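**Student:** mind folding the following:
(chains A, B and C)
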Amino acid sequence: MLRSLALVAACVAAIAAHGQQRPIATDALRSGLAYVGADVRAMQADDLANPGFLWVQRGEALFTENCASCHRDAASMRGVAARYPAYDASSSSVLDIEARIDQCRTQRQRKPAFGRESDDLLALATFVTHQSRGMPINVSIDGPARESFARGEAFYRQRHGQMNLACTNCHDQNYGKRLYTETMSQGHGSAFPAYRLEWQALGSLQRRLRACLFGVRAEMPRPGAPELTDVELYLAWRANGLPVESPGVRR
Amino acid sequence: MKRRRFVQGAAALALLGVRPAQAALPTIPSLDAWLAGRAPRFERIKLSIPALADNGFAVPMRVIVDGPFAPGPHVKSIRLFSETNPVSDMAIFEFPVPIERVEVESRIRLAGTQQVVAVAEMTDGRVYAMATEVIVTLAGCMDGT
Amino acid sequence: MMEARINVPAKVARNEPFEVRLQIRHAMETGYRTDDTGKAIPRNVVRNVTCRYNGDVVFAAQLSSGIAANPYLRFFVTARSSGELVFEWVDDAGVRVTERAPVIVA
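**Tutor:** Okay, the predicted model is just below:
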């Protein structure tokens, strides 16, 4: 009796800490891998066959060349991406990994930014995120991150485009069901940056979000637009506990 | 060592789904031109492609020609043909030096649902072939990025 | 810069086929796509891939636009003695790449 009371109290405390319940309960969270075909799963599982490692390799070279003088080695990046997007005090904003890397580049290294969606930034972001592979996503939405989180959640729940669809319509209410011949996933970003077969290349989570908006025939925010980072933060919170998979492979 | 390799291979092949072989080839002009009247045997070569492709841009393909080969004729080359791609000659894999394990994996592009043909040419001129049908669909949503 | 990943087992057995994996960063442009102005993007695919062992070609692949972007190859070769695998490939634009991987026969 006492133990179950304690358990209920702990759950309530956990929910209170987040402020709200997540749309998909922790034990029902599933990686996008559960919604792709066996050959895509196999491609991701084999590091020697996973095309994303072409970018990890490039990212490693860039890291050694540009970052290692301060950040020592790859091991120092372990766990970092699992906490991103994160609030950055110096810019008073929430940054995703790509923005954080370019901030380091421009503010601390005093060099020109790599630029959103540039191949070098993609490679570096993939390399850094890959160091957290297998670790559970663990972002904070407390304090100054709360505003960005709220905006991200609002965007996620708002209907967009000619098709008038909100992210939640597919990814909370209809995951597991078919959209043409594809099975809809829960819409987590845990595999990104990921190699997407449709892109024939590796790309960022922001690119994937923009692609989805294009899919519902909405105007796409430009890469790096603040609303995209807001959604990234919301998605990460929603996926807290799922392991980082980057470089993932998706359709 | 051999047994583990066999089990691994069998498990991986099951993933790619070796399906019952057809005993006829689709009409592909460049394939017919290359065969030049030779009748292929529908045995010994195994072409494994998923029955339903996740995405036509990158479809896993594995082709194996069963040994043993030594001391007789060995595999000279394996050709891949597409039934409906704009370019029907997909690839040629060449084996200038005899090898007992003739196995090649790659990823192919398929422009739509079609048959893919793999043909192995032996050093004695014998030809083995296998055709397999792959269903390729479009993505659920358009991607404008 | 054409990124490439090559994997050869750390040690191989004499005259026993061993697995080689090659992955090349390349768009394998088919020639059928158009850019934003409607102009056709010219075909540029990796054409010939050769794998030499101690000078002799042990495997070769002639690829086309029918091979997926970022071409991936998995094949087998055998080695009599320790040496070097030399990979070479060229694309339609004439860009030629050479990569090497040591082979250690146990």
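**Student:** where do the strands sit along chain B?
**Tutor:** Shown for chain B, the strands assigned by DSSP state E span residues B:45-48, B:59-65, B:75-82, B:89-94, B:102-108, B:114-122, B:127-134.
**Student:** and for chain A?
**Tutor:** A:86-88, A:93-95, A:178-179, A:182-183, A:194-196, A:201-203, A:248-250.
**Student:** ok and the residue in chain B nearest chain A?
**Tutor:** Taking C-beta to the nearest C-beta as the measure, the point where chain B comes nearest chain A is residue B:141, at 3.1 Å. C-beta coordinates here come from the backbone N, C-alpha and C atoms, glycine included.
**Student:** excluding its backbone neighbours, what's nearest that residue?
**Tutor:** Using C-beta to C-beta, 6 or more residues apart in numbering or on different chains and skipping residues adjacent in sequence, the residue nearest residue B:141 is residue A:215, 3.1 Å away.
**Student:** does chain C have contacts with stretch A:189-206?
**Tutor:** Yes - using C-beta under 8 Å from any C-beta of the partner chain, stretch A:189-206 comes into contact with chain C via A:200-201.
**Student:** from the chain's centroid, how far away is that stretch?
**Tutor:** Using C-alpha atoms, centre = their mean, to the nearest Å, the distance from the centre of stretch A:189-206 to the centre of the chain it belongs to is 10 Å.
**Student:** phi, psi of residue B:66?
**Tutor:** Per-residue torsions, residue B:66: phi -70, psi 130 (degrees, to the nearest 10).
**Student:** that one against residue B:101, yeah?
**Tutor:** No - distance between residue B:66 and residue B:101: 10.2 Å, which falls outside the contact criterion (C-beta atoms under 8 Å).
**Student:** hmm, back to that, can you put the strands of chain B in JSON lines and add mean neighbour count, distance to residue A:30 and mean pLDDT?
**Tutor:** Formatted as JSON lines, the strands of chain B follow (neighbours: other C-beta atoms under 10 Å in any protein chain shown; distance: least, C-beta to C-beta, whole Å; pLDDT from 0 to 100):
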{"stretch": "strand B:45-48", "mean neighbour count": "22", "distance to residue A:30": "28", "mean pLDDT": "98"}
{"stretch": "strand B:59-65", "mean neighbour count": "23", "distance to residue A:30": "23", "mean pLDDT": "98"}
{"stretch": "strand B:75-82", "mean neighbour count": "22", "distance to residue A:30": "35", "mean pLDDT": "98"}
{"stretch": "strand B:89-94", "mean neighbour count": "21", "distance to residue A:30": "35", "mean pLDDT": "98"}
{"stretch": "strand B:102-108", "mean neighbour count": "22", "distance to residue A:30": "26", "mean pLDDT": "98"}
{"stretch": "strand B:114-122", "mean neighbour count": "23", "distance to residue A:30": "32", "mean pLDDT": "98"}
{"stretch": "strand B:127-134", "mean neighbour count": "21", "distance to residue A:30": "27", "mean pLDDT": "97"}
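**Student:** include distance to residue A:177 when you put these into a markdown table, please.
**Tutor:** Shown next, in a markdown table, are the strands of chain B (distance: least, C-beta to C-beta, whole Å):
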| stretch | distance to residue A:177 |
| --- | --- |
| strand B:45-48 | 30 |
| strand B:59-65 | 24 |
| strand B:75-82 | 32 |
| strand B:89-94 | 35 |
| strand B:102-108 | 28 |
| strand B:114-122 | 28 |
| strand B:127-134 | 24 |
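**Student:** who touches the residue nearest to residue A:171 when sequence neighbours are not counted in this structure?
**Tutor:** Beyond its immediate neighbours in the sequence, the residue positioned closest to residue A:171 (C-beta to C-beta, 6+ apart) is residue A:187, lying 3.2 Å away. In this structure, residue A:187 makes contact with A:167, A:170-172, A:175, A:235, judged by C-beta atoms under 8 Å, 6 or more residues apart in numbering or on different chains.
**Student:** neighbours of residue 97, just the number please.
**Tutor:** If you meant another chain, say so; for now it's chain A. When neighbours are counted by other C-beta atoms under 10 Å in any protein chain shown, residue A:97 registers 27.
**Student:** wrong one, chain C
**Tutor:** Residues lying near residue C:97 (other C-beta under 10 Å) number 17.
**Student:** does anything pack onto the strand or helix carrying it? Which helices or strands?
**Tutor:** Following DSSP states H and E, one finds residue C:97 within strand C:96-103. Counting by 3 or more C-beta pairs under 8 Å, 6 or more residues apart in numbering or on different chains; DSSP states H and E, the packing neighbours recorded for strand C:96-103 are strand C:4-7, strand C:83-91.
**Student:** which positions in it come out as buried?
**Tutor:** The neighbour-count check on strand C:96-103 (16 or more other C-beta atoms under 10 Å in any protein chain shown) flags C:97, C:99, C:103 as buried.
**Student:** how far does that strand sit from the chain's center?
**Tutor:** Here strand C:96-103 shows a centroid-to-chain-centroid distance of 9 Å under the convention C-alpha atoms, centre = their mean.
**Student:** number of nearby residues for the residue lying closest to residue A:136 once chain neighbours are set aside?
**Tutor:** Computed as C-beta to C-beta, 6+ apart, the closest residue to residue A:136 that is not its neighbour in sequence is residue A:241, at 5.0 Å. Number of residues near residue A:241 (other C-beta under 10 Å) recorded here: 13.
**Student:** same check on residue A:92?
**Tutor:** A count of neighbours around residue A:92, defined by other C-beta under 10 Å, yields 8.
**Student:** low-scoring pLDDT stretches of chain C, where are they?
**Tutor:** Counting by pLDDT under 70, chain C contains low-confidence ranges at C:1.
**Student:** wait, residue C:15 touches residue C:106, no?
**Tutor:** No - shown here, residue C:15 and residue C:106 do not form a contact pair, counting by C-beta under 8 Å, at 11.7 Å.
**Student:** which residues of the chain fall in helices?
**Tutor:** Chain wasn't specified; assuming chain A. With DSSP state H applied, chain A shows helices at A:2-18, A:38-45, A:53-66, A:68-71, A:97-103, A:119-130, A:146-157, A:167-171, A:205-215, A:226-238, listed in chain order.
**Student:** about what we covered before: can you redo the helices and strands packed on strand C:96-103 as JSON lines with distance to chain A and mean neighbour count?
**Tutor:** Compiled in JSON lines, those are given as follows (distance: least, C-beta to the nearest C-beta, whole Å; neighbours: other C-beta atoms under 10 Å in any protein chain shown):
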{"stretch": "strand C:4-7", "distance to chain A": "5", "mean neighbour count": "18"}
{"stretch": "strand C:83-91", "distance to chain A": "14", "mean neighbour count": "18"}
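**Student:** residue B:26 is nearest to which of those strands?
**Tutor:** Taking C-beta to C-beta, strand C:83-91 is the member of those nearest to residue B:26, at 29.8 Å.
**Student:** does the closest one reach chain B?
**Tutor:** No - against chain B, strand C:83-91 shows no contacts by C-beta under 8 Å from any C-beta, the least distance being 12.7 Å.
**Student:** report pLDDT for the residue nearest to residue A:181 when sequence neighbours are not counted.
**Tutor:** Spatially, and ignoring its direct neighbours in sequence, residue A:181 is nearest to residue B:137 (4.4 Å; C-beta to C-beta, 6+ apart). Confidence per residue is given as pLDDT, and for residue B:137 that number is 87.
**Student:** hmm, residue A:179 and residue B:137 touching each other?
**Tutor:** No - in this structure, residue B:137 is not within contact of residue A:179 by C-beta under 8 Å, at 11.3 Å.
**Student:** count the residues that sit near the residue nearest to residue A:181.
**Tutor:** For residue B:137, the count of nearby residues is 15 (other C-beta under 10 Å).
**Student:** also residue C:63?
**Tutor:** Residue neighbour count, defined by other C-beta under 10 Å, stands at 26 for residue C:63.
**Student:** what's near enough to touch it?
**Tutor:** With C-beta under 8 Å, 6+ apart, residue C:63 has these contacts: B:91, C:28, C:45-49, C:71.
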